[in-house]
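[1] what shape does this take:
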Amino acid sequence: MLTLKHALIISAVAMFLVAVATLGYDSWLAFETLCQDRQSGAEQGTPVEPLIRWRTSMALLLVAWLPLLIALSIAV
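    Residues are numbered from 1 along each chain as shown. Purely as a prediction, here's the structure:
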């Protein structure tokens with residue numbers, strides 16, 4: 001049971017980290033796009049809106065609670 005508890009905690013932490021990493025990567029891409037737009041000037045036309053995957057990250061955060069709650073309910 002202890003192995004199951006640790007596996008559930010590790011999977012929950014991994015999902016939290018993936019959600020945060022997804023937001024971090026998308027923010028970094030948005031920053032790079034903004035810097036390139038500023039360097040290229042206004043002759044390009046309308047700036048391109050970068051895609052930040054909020055729904056994917058929020059879904060991972062919500063799903064990560066399930067194995068964490070199961071792991072915390074196991075008393076060894």
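[2] contacts, neighbours, all on C-alpha from now
    Noted.
[3] stretch 58-76: which residues count as buried?
    Under the neighbour-count criterion of 16 or more other CA atoms under 10 Å, stretch 58-76 has L60, L61, A64, W65, P67, L68, A71 buried.
[4] any idea how far W28 is from P67?
    From P67 across to W28, the span is 29 Å (CA to CA, to the nearest Å).
[5] A59 now?
    Applying CA to CA to A59 and W28 gives a distance of 21 Å.
[6] likewise T3?
    From T3 to W28 the distance is 37 Å (CA to CA).
[7] which stretches of this structure form helices?
    With helices called from DSSP state H, the chain shows them at 2-40, 54-73.
[8] for the residue nearest the centre of the chain, which non-adjacent residue is closest in space?
    Among the residues of the chain, the one closest to the centroid is A19, at 2.1 Å (CA atoms, centre = their mean). Once flanking residues are discounted, A19 sits nearest to S57: 4.5 Å by CA to CA, 6 or more residues apart in numbering.
[9] do the same with I9
    L68 (5.5 Å).
[10] contacting residues for that neighbour?
    L8, I9, A12 (CA atoms under 8 Å, 6 or more residues apart in numbering).
[11] how far away is the first one from L69?
    The span separating L8 from L69 equals 9 Å under the rule CA to CA.
[12] ok, the last one next?
    When CA to CA is the yardstick, A12 and L69 sit 9 Å from each other.
[13] do the same with S40
    49 Å.
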